[in-house]
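Trainee: pasting the sequence and the predicted model now:
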Amino acid sequence: MKPKRQLLAAYATSLLLAAVAAASFANDYEQGLRSHQNGNYPQSLLLFRRAAEQGDARAQFSLSYMYATGQGTSLDYVEAHAWAVLAEANGHIDAKNFRLLIEKNLTPEQLARAQARARKLADAPKPEPAPAATADPPSASASLEAWRAAWSRRDATAYLAAYAPDFKVPDGLTRAQWEAQRRERLARSTRIEVRIADTSVEITADGSASVRFTQSYVSNLVSESAAKTLVFGNYGGKWLIREETSIPFRK
């Protein structure tokens, strides 16, 4: 590792460890610290981003640290600098010095992109913070298990029926294109095993159930694990998937 990167990692690590000591784990930021301390970096990244998007300077600084050191994601000094700028603007006491350290690793073109990225992040609308979880809706948990089981037995009809009519389709695809892609992938696999662990449920302000878990996927074609979030909505008594987010674990 280059000296500059060693300094960057050591500086950020000392600050993050100090924050861990003071955490009470009561919200996304604090849960992110706990996940980080336990070595679950993809989940930590997911939690920090949620809090950072709500304007939490501590989470913005921590997110900057993870991009600057490649924990739970690819090393990305441009993204790290952008979040450090936001943390600094929101009053984080250490963000300015950290931003200056990151800048030593950026070319002028990268710095310009980082500044543009920071402006875009700053202008993005902030989501409403979700209240603390109350109880795990039994039907949402049952829907999660039904989705997992349908995927494992390669039942395309039951698997796709788990998704809501207004599901946010990824990668710019239409719903029809996405469903055709999923059916094709299921058909190509002769064996699929999906396992779920470390599940937590949060009831959001609009009554949705945000379910976070660690997913293990094994087939005859590929084996991978990820930190995953499914957002379920209640559609006439049925809990269906409205959003799906996945961050693969780095091998």
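Mentor: Arrived safely, thanks for sending. Numbering: from 1, shown residues only.
Trainee: the protein: strands as residue ranges?
Mentor: Along the chain, counting by DSSP state E, strands occupy 192-203, 209-219, 223-235, 238-248.
Trainee: reformat these as JSON lines; add mean neighbour count.
Mentor: Glycine gets a C-beta too; all of them are placed from N, C-alpha and C. Output for those, formatted as JSON lines (neighbours: other Cβ atoms under 10 Å):
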{"stretch": "strand 192-203", "mean neighbour count": "15"}
{"stretch": "strand 209-219", "mean neighbour count": "19"}
{"stretch": "strand 223-235", "mean neighbour count": "19"}
{"stretch": "strand 238-248", "mean neighbour count": "18"}
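Trainee: in the stretch 51-200 of the chain, which segments are predicted with low confidence?
Mentor: For the stretch 51-200 of the chain, the stretches flagged by pLDDT under 70 are 126-138.
Trainee: Arg183 and Thr157 touch, don't they?
Mentor: No: taking contacts as Cβ atoms under 8 Å, Arg183 lies outside contact range of Thr157: 9.1 Å.
Trainee: any residues in contact with both of those two?
Mentor: With contacts taken as Cβ atoms under 8 Å, 6 or more residues apart in numbering, Arg183 and Thr157 have no neighbour in common.
Trainee: who has more neighbours, those two?
Mentor: Higher neighbour count among Arg183 and Thr157: Arg183, with 14 against 8, using other Cβ atoms under 10 Å.
Trainee: can you tell me how far the more buried one is from Arg154?
Mentor: Distance of Arg183 to Arg154, given as Cβ to Cβ, to the nearest Å: 10 Å.
Trainee: could you do Thr214 as well?
Mentor: 22 Å.
Trainee: what's the answer for Val194, then?
Mentor: Distance from Val194 to Arg154, by Cβ to Cβ: 10 Å.
Trainee: identify the residues contacting the nearest residue to Gln110 once chain neighbours are set aside.
Mentor: Nearest residue to Gln110, sequence neighbours excluded (Cβ to Cβ, 6 or more residues apart in numbering): Val78, at 5.4 Å. Residues near Val78 by Cβ under 8 Å, 6+ apart: 106, 110, 113-114, 117.
Trainee: top of the residues you listed by neighbour count?
Mentor: Neighbour max across the contacts of Val78 (other Cβ under 10 Å) = Ala114, 24 neighbours.
Trainee: name the nearest residue to that one, sequence neighbours excluded.
Mentor: His81 (3.8 Å).
Trainee: enumerate every residue touching that neighbour.
Mentor: Neighbours of His81 in contact, by Cβ under 8 Å, 6+ apart: 64, 99, 102-103, 106, 111, 114-115, 117-118.
Trainee: again, but for Gly91
Mentor: Ala57.
Trainee: quote the end-to-end distance of stretch 90-109.
Mentor: End-to-end distance for stretch 90-109, by Cα to Cα, to the nearest Å: 25 Å.
Trainee: flag every buried residue along that stretch.
Mentor: With burial defined by 16 or more other Cβ atoms under 10 Å, the residues of stretch 90-109 counted as buried are 90, 92, 94-95, 98-99, 101-102, 105-106.
Trainee: same check on stretch 162-176?
Mentor: Buried, per 16+ other Cβ under 10 Å, within stretch 162-176: 162-164, 167, 169.
Trainee: name the residues that touch it?
Mentor: 143, 146-147, 150, 177-178, 181, 233, 235, 240-244.
Trainee: now those in JSON lines, with distance to Gly70?
Mentor: Compiled in JSON lines, the contacts of stretch 162-176 are given as follows (distance: Cβ to Cβ, whole Å):
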{"residue": "Ser143", "distance to Gly70": "35"}
{"residue": "Ala146", "distance to Gly70": "37"}
{"residue": "Trp147", "distance to Gly70": "32"}
{"residue": "Ala150", "distance to Gly70": "35"}
{"residue": "Gln177", "distance to Gly70": "33"}
{"residue": "Trp178", "distance to Gly70": "30"}
{"residue": "Gln181", "distance to Gly70": "30"}
{"residue": "Gly233", "distance to Gly70": "35"}
{"residue": "Tyr235", "distance to Gly70": "40"}
{"residue": "Leu240", "distance to Gly70": "36"}
{"residue": "Ile241", "distance to Gly70": "30"}
{"residue": "Arg242", "distance to Gly70": "31"}
{"residue": "Glu243", "distance to Gly70": "26"}
{"residue": "Glu244", "distance to Gly70": "25"}
